[in-house]
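1. Structural data only, the sequence is not supplied:
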């Protein structure tokens, strides 16, 4: 009996020892920090990123909920929690760092009950600015191809080879509009948009203004240009003066017809509307960037019976112009206007070069659609579907980012 | 040369991190120029309208109102009329916020400028109606398509439209007008919008290149030989 009791006690003690051992083992496993921590400068960046790579042993992984990452400037020892990543992540890029500054990182595994492991400290890492921004590599390739195409076709056109450009109804009507104003003895109103000279649409509008002003000078018509910013007023005056000079009518130029109204959007519209209702211009040109005032101006032009030509690259305003104006230049037609009206070989060549950009876009769209359709139809489980999905992801997240 | 050099620098600055600060400097230079241009614009405004008043040409009364409003607002704002000094600097008369609640400048903004702006904006609703009435005519197939689409979209955004098709069973819920509206906007409209945006982007790039290379200088008032 006594021997049985001793055996029973030994048996119980064994169980307790095993349980303690298992609990200790569990605690030891869940508190192990990440291993093989490596830090390096992120390549091809602005000098504000560092890459961290680490491992969590396979047998410990089920017990780790997340990894806390702390950072500090080397020598200061004031570690701040930078980010928290799920346990299955084994790499991260830390950003918003200072170029040329030494950093140290610490990683801590955190268990499901909130227990923290020991700290794994990295070596010193320094983010350095590279010569080129790697995120924009593909963009630089596309820009290079596009610009190269434009330059090639400009040179091609300079050699005298004819280029065919399709008819744009709105631009064919410029002469008709200015002629109508001359016959009726009324002025031509030209609005180069409401943005400043740093907007490309305003510059495109002014290039159209130079052509319109030249025709107006030849027909002896008056061109009135109210502007929203004074820089545009100055540029418009130079443009029109040069056009009148080129047409052989410098005496007909009147700088008071190109004037500044106000910078305030609806104040500008109110002033122009008032002028339109009182002076009743026979032809109205709206060429540039517009916002809510597009319909106000176009409808007022309709009310006074003017012929209206509009051109803008603001997609939200195009429907209003299409509904209210006689002719509308949509998007790239507006940017092609200057080349179309001038007929110069250089500029027509640039239009041709622009078409190469459309080819790149078209090929990209068709390629992406085919890959995406195959990936959706077949599924990512098969090799082909997986390859297609990977290609689509690369296209959208890397090339087109 | 300035245009070409400046444009080239800005393009390079976009791709080379070390030069990124240059584009910010160029932007600041433009802001400074634009600020100085305000004086030019104000002077031109006064010149044009004072000339109209002195010549008593047609509509000179509007020019008189413009000049008066300009000078009053300039005077009241520039000299901070009726603005109390800031609590941080009580000894400096002009240290207060120029749009202090209750000040004359604030009053002009709240009770003159804002109602006038709201009035102009509200005219859009009426102009949209008149433009729609004129544009949505079933003259040909394209016009009929436009009319039907516009009808669906407009009706689908109202409660009445949703009510009219709410009886449709779930099997054909895609034909309910609010769902048709969403489908048209998210598929057809988005596709057309993106196509236009692609063309615009290419046009912007091409025009910018022409300006930088000096191929098109007509906006400067030159280029004619």
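-> Nice, I can see it. Keep in mind the model is a prediction, meaning the values are calculated, not measured.
2. Count the neighbours of residue 217 for me.
-> Here I'm looking at chain A. Applying other C-beta atoms under 10 Å in any protein chain shown, we find 22 residues neighbouring residue A:217. Just so you know, the C-beta spots here come from the backbone N, C-alpha and C atoms, and that holds for glycine as well.
3. Chain B was what I was after
-> Quick note: residue B:217 (other C-beta under 10 Å) scores 16 neighbours.
4. List phi and psi for it.
-> phi -120, psi 20 (degrees, to the nearest 10).
5. Would you check how far apart it and chain A are?
-> 9 Å (C-beta to the nearest C-beta, to the nearest Å).
6. can you check residue B:106 too?
-> When residue B:106 is compared with chain A (using C-beta to the nearest C-beta), they lie 17 Å apart.
7. That residue in helix, strand or coil?
-> Recorded secondary structure, residue B:106: helix (DSSP: H, G, I helix; E, B strand; the rest coil).
8. ditto for residue A:109
-> With three-state DSSP as the criterion, residue A:109 reads strand.
9. List the contacts of it.
-> When contacts are counted by C-beta atoms under 8 Å, 6 or more residues apart in numbering or on different chains, residue A:109 touches A:30, A:31, A:32, A:33, A:34, A:56, A:60, A:64, A:67, A:87, A:116, A:117.
10. Can you get me a residue count around the nearest residue to it once chain neighbours are set aside?
-> Distance criterion C-beta to C-beta, 6 or more residues apart in numbering or on different chains; nearest residue to residue A:109, sequence neighbours excluded, is residue A:117 at 4.0 Å. Neighbour count for residue A:117, taken as other C-beta under 10 Å: 23.
11. can I assume residue A:117 is in contact with residue A:68?
-> No. In this structure, residue A:117 is not within contact of residue A:68 by C-beta atoms under 8 Å, at 9.6 Å.
12. And the helices in the chain?
-> You didn't pick a chain, so chain A it is. Assigned by DSSP state H, the helices in chain A fall at A:2-30, A:137-158, A:169-184, A:200-219, A:230-246, A:265-279, A:293-304, A:318-324, A:332-342, A:345-378, A:383-394.
13. let's do chain B instead
-> B:2-15, B:20-55, B:60-78, B:104-108, B:114-135, B:141-156, B:159-164, B:177-183, B:190-213.
14. In JSON lines: these, plus mean neighbour count and mean pLDDT.
-> Formatted as JSON lines, the helices of chain B follow (neighbours: other C-beta atoms under 10 Å in any protein chain shown; pLDDT from 0 to 100):
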{"stretch": "helix B:2-15", "mean neighbour count": "14", "mean pLDDT": "85"}
{"stretch": "helix B:20-55", "mean neighbour count": "14", "mean pLDDT": "89"}
{"stretch": "helix B:60-78", "mean neighbour count": "15", "mean pLDDT": "93"}
{"stretch": "helix B:104-108", "mean neighbour count": "17", "mean pLDDT": "93"}
{"stretch": "helix B:114-135", "mean neighbour count": "14", "mean pLDDT": "90"}
{"stretch": "helix B:141-156", "mean neighbour count": "14", "mean pLDDT": "89"}
{"stretch": "helix B:159-164", "mean neighbour count": "13", "mean pLDDT": "90"}
{"stretch": "helix B:177-183", "mean neighbour count": "17", "mean pLDDT": "92"}
{"stretch": "helix B:190-213", "mean neighbour count": "18", "mean pLDDT": "90"}
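15. Including distance to residue A:202, could the ones you listed go into CSV?
-> What follows is those, written out as CSV (distance: least, C-beta to C-beta, whole Å):
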stretch, distance to residue A:202
helix B:2-15, 14
helix B:20-55, 12
helix B:60-78, 24
helix B:104-108, 30
helix B:114-135, 22
helix B:141-156, 30
helix B:159-164, 40
helix B:177-183, 35
helix B:190-213, 11
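16. picking up where we left off before, need the overlap of contacts for residue A:117 and residue A:68.
-> What both residue A:117 and residue A:68 touch, as defined by C-beta under 8 Å, 6+ apart, is the set A:108, A:110.
17. For the residue nearest to residue A:308 when sequence neighbours are not counted, grab phi and psi.
-> With C-beta to C-beta, 6+ apart as the criterion, residue A:308 has its nearest non-adjacent residue at 4.0 Å, and that residue is residue A:325. Main-chain torsions, residue A:325, degrees, to the nearest 10: phi -100, psi 160.
18. domain parsing for chain A?
-> A:31-121, A:134-150+A:348-399, A:163-343 (automatic domain parsing).
19. What mean pLDDT does the longest one get?
-> What it means is domain A:163-343. Averaged over domain A:163-343, pLDDT sits at 92.
20. any idea how far it is from the chain center?
-> 28 Å (C-alpha atoms, centre = their mean, to the nearest Å).
21. Return the residues in contact with the residue nearest to residue A:308.
-> Counting by C-beta under 8 Å, 6+ apart, residue A:325 has contacts A:286, A:298, A:301, A:308, A:309, A:310.
22. what's the distance between it and chain B?
-> From residue A:325 to chain B the distance is 10 Å (C-beta to the nearest C-beta).
23. Could you count how many residues lie near the residue nearest to residue B:127 when sequence neighbours are not counted?
-> Nearest residue to residue B:127, sequence neighbours excluded (C-beta to C-beta, 6+ apart): residue A:299, at 4.3 Å. Counted with other C-beta under 10 Å, the neighbours of residue A:299 add up to 23.
24. One more: residue A:133?
-> Residue A:133 has 18 nearby residues by other C-beta under 10 Å.
25. tell me the phi and psi of residue A:263?
-> phi -80, psi -20.
26. Could you double-check that it lies in contact with residue B:41?
-> Yes. At 7.5 Å, residue A:263 counts as touching residue B:41 under the criterion of C-beta under 8 Å.
27. what's the first-to-last distance across stretch B:157-169?
-> Terminal residues of stretch B:157-169 are spaced 20 Å apart (C-alpha to C-alpha, to the nearest Å).
28. mind checking how far stretch B:50-66 is from the chain centre?
-> Per C-alpha atoms, centre = their mean, the centroid offset for stretch B:50-66 relative to its chain is 28 Å.
29. do stretch A:159-169 as well
-> With C-alpha atoms, centre = their mean, you get 31 Å for stretch A:159-169.
30. Show me which positions of it end up buried.
-> Neighbour counts using 16 or more other C-beta atoms under 10 Å in any protein chain shown place residue A:168 of stretch A:159-169 among the buried residues.
31. Would you mind listing the outside residues contacting it?
-> Against stretch A:159-169 from outside (C-beta under 8 Å, 6+ apart): A:153, A:157, A:327, A:329, A:333, A:336-337, A:339-340, A:345, A:348-349, A:351-352.
32. ok, which of those also contact chain B?
-> A:336, A:339, A:351 (C-beta under 8 Å from any C-beta of the partner chain).
33. Can I get the contacts of stretch A:159-169 in JSON lines including neighbour count and distance to residue A:105?
-> Shown next, in JSON lines, are those (neighbours: other C-beta atoms under 10 Å in any protein chain shown; distance: C-beta to C-beta, whole Å):
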{"residue": "A:153", "neighbour count": "22", "distance to residue A:105": "52"}
{"residue": "A:157", "neighbour count": "21", "distance to residue A:105": "57"}
{"residue": "A:327", "neighbour count": "22", "distance to residue A:105": "62"}
{"residue": "A:329", "neighbour count": "27", "distance to residue A:105": "56"}
{"residue": "A:333", "neighbour count": "20", "distance to residue A:105": "54"}
{"residue": "A:336", "neighbour count": "26", "distance to residue A:105": "54"}
{"residue": "A:337", "neighbour count": "26", "distance to residue A:105": "56"}
{"residue": "A:339", "neighbour count": "27", "distance to residue A:105": "55"}
{"residue": "A:340", "neighbour count": "23", "distance to residue A:105": "59"}
{"residue": "A:345", "neighbour count": "19", "distance to residue A:105": "60"}
{"residue": "A:348", "neighbour count": "21", "distance to residue A:105": "58"}
{"residue": "A:349", "neighbour count": "25", "distance to residue A:105": "54"}
{"residue": "A:351", "neighbour count": "23", "distance to residue A:105": "53"}
{"residue": "A:352", "neighbour count": "20", "distance to residue A:105": "53"}
